[in-house]
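Engineer: please find the sequence and the predicted model below.
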Amino acid sequence: MRDNIAPITKAVIPAAGLGTRFLPATKAMPKEMLPVVDKPAIQYVVEEAAASGLDDILMIIGRNKNALANHFDRVTELEIALEKKGDHTKLSRVNHSNTLADIHFVRQGDPLGLGHAVLRSRKHIGDESFAVLLGDDLIDERDELLTPMIEESQRRQTTIIALMEVPAESIHLYGCAAVEETDDPNVVRVTGLVEKPSAEDAPSNLAIIGRYVLRPEIFDILEVTPPGKGGEIQLTDALQVLAADETSGGVYGVVFKGRRYDTGDRVDYIKSVLQLALAREDLGPELAPWVRQLAAGLPEHPLADEEKELLEEMAN
């Protein structure tokens with residue numbers, strides 16, 4: 001990393017979505033506050049940003065998201081109660097979320113898409129490069145992604161996106177990248193981007209996942225980006241413009257081969273809870289035998305009604 005390059009210290013976390021896939025659980029609770037083991041999903045994302053040296057975080061929120069601000073604030077009466085009980089372990093865990101980073105909040109206003117949410121951060125970011133972390137994507141802390149992305153952005157002085165191979169039948173759920181190889185097998189040059197293509201139209205099986213390191217040029221592009229799919233301003237469309245502009249340094253992708261959990265999907269959310277709990281020293285040894293026993297009883301085919309009833313009896 002060259003000494004004359006300013007360090008990247010700011011992150012933007014869009015968290016304005018309604019979480020309709022988790023209704024009725026998200027009727028009164030932000031989807032980002034759904035617990036993953038014993039922490040809300042959003043805390044994992046903030047911890048990842050902080051671990052990569054990003055200590056200035058802006059969350060883009062919508063209405064009824066006050067719980068997010070409350071979680072990262074102090075709760076003096078709770079701290080006093082835990083202190084009186086002498087429960088310093090829980091006190092430390094409660095205080096941990098208060099000290100991760102300087103966290104700011106701004107309302108998105110109209111729900112006009114990810115590109116619009118990123119644009120709302122312009123005044124806070126200014127003329128600096130910054131990271132964007134989507135709250136639905138959890139990256140396992142054992143598998144680094146954001147730090148290598150920041151380092152690659154500094155080295156190449158360009159925009160970096162995270163890419164991951166997905167099955168062809170799933171590519172329609174993601175933005176998809178057309179790429180060229182570079183001198184690094186884990187880094188590709190992005191030549192084109194398509195938002196949620198069909199399997200037949202996808203230029204590759206490399207999906208954009210929820211981590212970006214963006215240069216400030218993205219803001220001028222987003223200002224003039226028209227609504228795309230779903231009537232929303234798509235960040236993918238703005239990145240496509242950058243990818244075609246050699247004067248901006250283009251767009252490169254870091255290909256991630258580690259563990260990622262999509263907590264915006266109900267099945268993946270359940271998987272994330274199990275996988276992260278199994279990895280815990282305080283939970284894994286007790287949980288693993290039960291999971292093995294449960295797995296041994298699962299049928300090879302979709303569950304029939306009577307088999308569902310059997311599993312429910314086993315759980316009870």
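Structural biologist: Here it is on my side, so go on.
Engineer: pLDDT-wise, which helix or strand of this protein ranks last?
Structural biologist: When the helices and strands of the chain are compared on mean pLDDT, DSSP states H and E, helix 305-315 comes out lowest with a mean of 48.
Engineer: now Ile211, what's its secondary structure?
Structural biologist: Not Ile; residue 211 is Arg. Under DSSP: H, G, I helix; E, B strand; the rest coil, the three-state class of Arg211 is strand.
Engineer: Leu54 versus Ala238, what's the distance?
Structural biologist: 21 Å (C-beta to C-beta, to the nearest Å). For the C-beta atoms, the positions are set from N, CA and C on the backbone; glycine is no exception.
Engineer: so those two - more neighbours on which side?
Structural biologist: Ala238 (27 against 24; other C-beta atoms under 10 Å).
Engineer: the more buried one and Ile61, how far apart?
Structural biologist: For Ala238 relative to Ile61 (C-beta to C-beta), the value is 21 Å.
Engineer: same deal with Asp245?
Structural biologist: 31 Å.
Engineer: over to Leu298?
Structural biologist: Leu298 sits 39 Å away from Ile61, going by C-beta to C-beta.
Engineer: now the end-to-end length of stretch 127-147.
Structural biologist: Chord length of stretch 127-147, first to last residue, is 21 Å (C-alpha to C-alpha, to the nearest Å).
Engineer: how about the contacts made by the closest residue to Leu206 other than its chain neighbours?
Structural biologist: The shortest distance from Leu206 to any non-neighbouring residue, by C-beta to C-beta, 6 or more residues apart in numbering, is to Leu163 (4.4 Å). By C-beta atoms under 8 Å, 6 or more residues apart in numbering, Leu163 lies in contact with Ala177, Val179, Val188, Leu206, Ala207, Ile208, Ile209, Gly253, Val254, Val255, Phe256.
Engineer: same check, this time on Tyr174
Structural biologist: Val166, Lys196, Ala207, Ile208, Ile209.
Engineer: would you list the buried entries among these?
Structural biologist: Buried positions within those, assessed by neighbour count (16 or more other C-beta atoms under 10 Å), are Val166, Lys196, Ala207, Ile208, Ile209.
Engineer: name the helix or strand for the residue nearest to Leu206, please.
Structural biologist: Element membership of Leu163 [criterion: DSSP states H and E] is strand 159-165.
Engineer: and if you look at Leu58?
Structural biologist: strand 56-61.
Engineer: what of Ala202?
Structural biologist: Applying DSSP H and E, one finds Ala202 in no helix or strand.
Engineer: run a quick neighbour tally on it.
Structural biologist: For Ala202, the neighbour count with other C-beta under 10 Å is 20.
Engineer: and for Gly253?
Structural biologist: Gly253 has 25 nearby residues by other C-beta under 10 Å.
Engineer: surely it is in a strand?
Structural biologist: Yes. Judged by three-state DSSP, Gly253 forms part of a strand.
Engineer: shouldn't it be in contact with Val179?
Structural biologist: Yes. Counting by C-beta atoms under 8 Å, Gly253 touches Val179, with 6.3 Å between them.
Engineer: quickly list what's touching both of these two.
Structural biologist: Leu163, Val188, Arg189, Val190, Leu206.
Engineer: go through these and flag which are in helices.
Structural biologist: Secondary structure from DSSP state H places none of these in helices.
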